[in-house]
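Engineer: Sequence plus predicted model, see below.
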Amino acid sequence: MKSQDIRKAYLQFFESKGHLIVPSAPIVLKDDPTLMFNNSGMAQFKEYFLGNGTPKSLRIADTQKCLRVSGKHNDLEDVGFDTYHHTMFEMLGNWSFGDYFKKEALAWAWEFLTEVLKLDKDRLYVSVFEGNPAENVPFDQEAWDIWTQYVAEDRIILGNKKDNFWEMGDQGPCGPCSEIHIDLRTEAERAAVSGRSLVNADHPQVVEIWNNVFMEFNRKADGSLEKLPAQHVDTGMGFERLCMAMQQVTSNYDTDVFTPLIQKIEQITGLHYTSNEVKSVSEEQNKTNIAIRVIVDHVRAVAFAIADGQLPSNGGAGYVIRRILRRAIRYGFTFLDTKEPFIYKLVEVLAQQMGEFFPEIKSQQQLVTNVIREEEASFLRTLDQGLQLLEQVAAQTKGSEVSGTKAFELYDTFGFPKDLTALILKERGMSFNESEFDAAMQEQKNRSRAASEVSTEDWSVLIPGNVETFVGYDQVENEVKITRIRKVDSKKDGVLYQIVLDNTPFYPEGGGQVGDKGTLVSANEVIDIIDTKKENNLILHFAKQLPENVHAAFVAKVNVDLRTATSKNHSATHLMHQALRSILGTHVEQKGSLVNPTYLRFDFSHFSKVTEEELKQVEDFVNARIEEQLALIERRSIPIQQALDEGAMALFGEKYGDSVRAIKFGQSMELCGGIHVQNTAEIWHFKIISEGAVAAGIRRIEAITADAVKDFYAQQEQTLSEIATVLKNPQDTLKALLSLQEDHGKLKKQVELLLKEKAKNLKGSLSSELQEVNGVQFLAVQVDLNAEGAKDLAYELGTLGTNLFIVLATAEDDKPMLTCYISKELVAEKNLNAGTVVRELGKYIQGGGGGQPFFATAGGKNSAGIADALHHAKAFLNV
């Protein structure tokens, strides 16, 4: 049975049981401060389990894209070494929100596996929670009794809290679970060792395929449990593992979920992947297999993240995606000998495979391909730099063991894994100190963990059962009551309080727009609201202190100045989006945005730099819409399909409900929940201040509106006035400036010629100062030249022989610079390296630098250290 058919069968089965089939949520979470990625099927339904929202149906089923790079069995560095764990995976899930419970959930699970898919009942084992007296949670007798109707008691396993009590996190909904495991071993293996003994023992062929979680409790901040108001079912079935069972193979990577990608890698590299059925392979083949598994796993995670709007970057979720991709590149580089980008070629295969169920991977195929190709090319260049640095580290090492701290620096800066460093050093008969490496790695993890540590107390509910209402589209001031509060303590922000109101005019951060700021005012006090965010369908107002009387009546007041400035930038963003699609083409799609009171930032798909002329056209287009004084047409609750049919723009990676809010200015119409001006005339004027690249095929424009534009032009006018004053107020400032530039260019050429002449003259006088040190012609001296002159002089002196070692120091404008030249013959013969020389000597001038083995420079801050640097230069020859 093909994977596509398995997926369809699951969804059709639960549709027949009265479940609403919903699409997968984006793999990247944008409005959940507790998670970067969807790491489970239930993540998109958290608000329903917490009682903060109402689902479309009490029964729901879907297949969810998930991403995990940490936690049990999910450390990124371990993926690829076994055959059944992944970074990105699909989770088939069915949910009951206060509807059916254990009886139906377990009966349907068994029916689907044994009657629809016809899996062998004799290969299945089930588990139930054994209970936990310490937390007053009893043995799950109900689940046990249900299972005895379907399986013999010797196939029912009691599981402890670790294996059979599922928790969303340190706090929140949780409950006992009942797992279904399958034994995929051969008949001979099953006869020799009971499958029962291998359940939850990390055996690669005895694996969990389905977990039925019974949400009955809420875990409080103090660790205690309380009963939820309603009982829910949350089930998750690993799609890749189910395919393994159905296709009668013993590795997820041998299923048709992965084989098309593997075959493409084989075609590109000329290497062969051996399936898990081959029990004995060489060490070299095993390394190839692991590398191919890493790449086909990681390309799925990276491609779907990019398609959902998360580009690789140096921070947050983008850093995780970059790490995953770079690990794949490293494995190709090291074990498949791929020195050119190739992973991007797998995107086409992935789109063909999964485009039917996940249309975003097909519609975003070109963008995903471009971004991955550019990331590959960039990191391969970084790897080359790292290889050069490793060679230098090895050359500087006395003995055969490199410092583990140095090896970790290579990992941290260039992404060099331990095995790549070990492999390269082994070729030189060397190794590195692994315990030092591990200690440095652990120290970094501890720092990272400490920096992100957050302590969140339980909610103190003041008004039970209240459903918060957002009134901010119509009001900026409103009478409110506080319904719940909690304290949050983090290393980053310190102690803050989260306040939930019965209704609020404060807009919570979302859709690129920052959250509102303002105040809560009572008869006796004023509480500053410093930010507003949304979490699990609750609007959270952040404050540094709580009111003395939290039960008092308050007036919530939005900071109108900030809100107004933000709304102008947000409406201008919509107009600019329309302009870009009109001028550059309809291939332009929004890929990210930031709207705050100061400026707007807009990321969009486009294949080349936007020209100055095109930017001018965009500005003119937006300003024309401003001058037309277009009134806001707001459709606050419109069926999404109707909005799309009317031409509204929807954004990939955003989660929309059945009813949406549409914002229209003239011909611009977008689905948007943000705050906008009532008329485009309020924007006053629109000005682009920068345009550049964010990633391959992604451009970024930053722009300003209204008062910020006035300030911009006032600053420009001030600058022009200052230039005119410096030029002694000429009649034509531009002409005077051009004349000055022309004179400067002529003088610069004259100076360069004089310095070259000076370098030639110095060559004659300095040649007599060369000393012989261990058979090498040595010179270390300070010269009265600039950096370029020192370089010319070094090359002039280099013509005097083939065994020269020269260090020149300069201090133009009290900025010390060291220049090192070593004859190429000497570099090869004595293993000398100019880059190493300037890096070491640079310490004396409080600086550093680098370059090629035969020529390198270093700049610094301490001219007084030049003498010491020159004095120690000779030490490189006394070896």
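Structural biologist: Received it, and whenever you're ready, just let me know what you need. Residues are numbered from 1 along each chain as shown.
Engineer: okay, CA-based contacts and neighbour counts for the rest of this
Structural biologist: Will do.
Engineer: which residues touch the residue nearest the centre of the chain?
Structural biologist: Geometric centre of the chain, nearest residue: residue 318, 1.9 Å, by Cα atoms, centre = their mean. By Cα atoms under 8 Å, 6 or more residues apart in numbering, the contact set of residue 318 is 310, 311, 312.
Engineer: For residue 288, state which of those residues is nearest.
Structural biologist: Using Cα to Cα, residue 312 is the member of the contacts of residue 318 that lies nearest residue 288, at 26.1 Å.
Engineer: counting contacts, what elements does the single longest helix found in the chain pack onto?
Structural biologist: Counting by DSSP state H, the longest helix found in the chain is helix 733-767. Here helix 733-767 touches helix 787-798, going by 3 or more Cα pairs under 8 Å, 6 or more residues apart in numbering; DSSP states H and E.
Engineer: Give me the contact list for the helix or strand that comes right after the helix it packs on.
Structural biologist: Per DSSP states H and E, the first helix or strand lying C-terminal to helix 787-798 is strand 804-812. Strand 804-812 has contacts (Cα under 8 Å, 6+ apart) with 776-787, 790, 794, 798, 816-823, 826, 863, 866, 870, 873.
Engineer: Strand 804-812 and whichever helix or strand comes after strand 804-812, what's the angle between them?
Structural biologist: Next helix or strand after strand 804-812 toward the C-terminus (DSSP H and E): strand 815-822. Here strand 815-822 runs at an angle of 170 degrees relative to strand 804-812 (axes from the mean of the first three to the mean of the last three Cα atoms, to 10 degrees).
Engineer: Heading C-terminal from strand 815-822, find the next helix or strand.
Structural biologist: Counting by DSSP H and E, what follows strand 815-822 is helix 824-830.
Engineer: Now do that following helix: distance to the chain's middle.
Structural biologist: In terms of Cα atoms, centre = their mean, to the nearest Å, the centre of helix 824-830 is set 45 Å apart from its chain centre.
Engineer: list the buried ones in the following helix or strand past that helix?
Structural biologist: Downstream of helix 824-830, the next assigned helix or strand under DSSP H and E is helix 834-841. Neighbour counts over helix 834-841 (16 or more other Cα atoms under 10 Å) mark 834, 835, 836, 837, 838, 839, 840, 841 as buried.
Engineer: swap in stretch 851-862?
Structural biologist: 851, 853, 854, 855, 856, 857, 858, 859, 860, 861, 862.
Engineer: So the third one sits against residue 823, correct?
Structural biologist: Just to be clear, that refers to residue 854. Yes - Residue 854 lies in contact with residue 823 (Cα atoms under 8 Å); the separation is 6.2 Å.
Engineer: in the stretch 451-600 of the chain, which spans are strands?
Structural biologist: For the stretch 451-600 of the chain, the strands defined by DSSP state E, counting those that start in this stretch cover 454-456, 460-461, 469-470, 477-480, 482-490, 494-501, 503-504, 518-521, 526-529, 531-535, 538-543, 554-558, 590-595, 600-605.
Engineer: Take those and lay them out in JSON lines including distance to residue 270, mean neighbour count and mean pLDDT.
Structural biologist: Shown next, in JSON lines, are those (distance: least, Cα to Cα, whole Å; neighbours: other Cα atoms under 10 Å; pLDDT from 0 to 100):
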{"stretch": "strand 454-456", "distance to residue 270": "49", "mean neighbour count": "16", "mean pLDDT": "82"}
{"stretch": "strand 460-461", "distance to residue 270": "62", "mean neighbour count": "14", "mean pLDDT": "92"}
{"stretch": "strand 469-470", "distance to residue 270": "59", "mean neighbour count": "15", "mean pLDDT": "93"}
{"stretch": "strand 477-480", "distance to residue 270": "68", "mean neighbour count": "19", "mean pLDDT": "96"}
{"stretch": "strand 482-490", "distance to residue 270": "51", "mean neighbour count": "18", "mean pLDDT": "94"}
{"stretch": "strand 494-501", "distance to residue 270": "55", "mean neighbour count": "20", "mean pLDDT": "95"}
{"stretch": "strand 503-504", "distance to residue 270": "62", "mean neighbour count": "24", "mean pLDDT": "96"}
{"stretch": "strand 518-521", "distance to residue 270": "63", "mean neighbour count": "21", "mean pLDDT": "97"}
{"stretch": "strand 526-529", "distance to residue 270": "61", "mean neighbour count": "20", "mean pLDDT": "97"}
{"stretch": "strand 531-535", "distance to residue 270": "49", "mean neighbour count": "19", "mean pLDDT": "94"}
{"stretch": "strand 538-543", "distance to residue 270": "54", "mean neighbour count": "24", "mean pLDDT": "96"}
{"stretch": "strand 554-558", "distance to residue 270": "63", "mean neighbour count": "22", "mean pLDDT": "97"}
{"stretch": "strand 590-595", "distance to residue 270": "36", "mean neighbour count": "20", "mean pLDDT": "92"}
{"stretch": "strand 600-605", "distance to residue 270": "34", "mean neighbour count": "22", "mean pLDDT": "95"}
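Engineer: Looking at these, which is nearest to residue 197?
Structural biologist: strand 454-456 (39.1 Å).
Engineer: what's that closest one in contact with?
Structural biologist: Contacts for strand 454-456 (Cα under 8 Å, 6+ apart): 221, 486, 487, 488, 489, 490, 491.
Engineer: possible to save the residues you listed as JSON lines with distance to residue 680?
Structural biologist: Formatted as JSON lines, these follow (distance: Cα to Cα, whole Å):
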{"residue": "221", "distance to residue 680": "48"}
{"residue": "486", "distance to residue 680": "40"}
{"residue": "487", "distance to residue 680": "41"}
{"residue": "488", "distance to residue 680": "40"}
{"residue": "489", "distance to residue 680": "42"}
{"residue": "490", "distance to residue 680": "41"}
{"residue": "491", "distance to residue 680": "42"}
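Engineer: can you tell me which of those lies nearest to residue 413?
Structural biologist: residue 491 (25.1 Å).
Engineer: Looking at that closest one now. What's its pLDDT?
Structural biologist: If you check residue 491, the pLDDT there is 82.
Engineer: What about it, how many residues nearby?
Structural biologist: 12 (other Cα atoms under 10 Å).
Engineer: okay but residue 482 is in contact with residue 504, surely?
Structural biologist: No - at 10.1 Å, residue 482 does not count as touching residue 504 under the criterion of Cα under 8 Å.
Engineer: Low-confidence regions, the stretch 501-650 of the chain specifically.
Structural biologist: By pLDDT under 70, the stretch 501-650 of the chain contains no weakly predicted segment.
Engineer: quick one, phi psi at the residue of the chain most remote from its centre?
Structural biologist: No residue in the chain sits farther from the centre than residue 768, which is 59.2 Å out by Cα atoms, centre = their mean. As for residue 768, its main-chain torsions (degrees, to the nearest 10) stand at phi -80, psi -10.
Engineer: Adjust the sequence numbering to begin at 548 for everything that follows.
Structural biologist: I'll keep to 548 as the first residue from here, and by that count the last item is residue 1315.
Engineer: okay, how far is it across stretch 691-707, tip to tip?
Structural biologist: 14 Å (Cα to Cα, to the nearest Å).
Engineer: Flag every buried residue along that stretch.
Structural biologist: 691, 694, 698, 702, 703, 704, 705, 706, 707.
Engineer: Stretch 1261-1281 too?
Structural biologist: Buried residues in stretch 1261-1281 (16+ other Cα under 10 Å): 1271, 1280.
Engineer: Check stretch 1201-1212 too.
Structural biologist: Of the residues in stretch 1201-1212, those buried (16+ other Cα under 10 Å) are 1207, 1208, 1209, 1210, 1211, 1212.
Engineer: So which of these are in strands?
Structural biologist: Among these, the members falling in strands are 1207, 1208, 1209, 1210, 1211, 1212 (criterion: DSSP state E).
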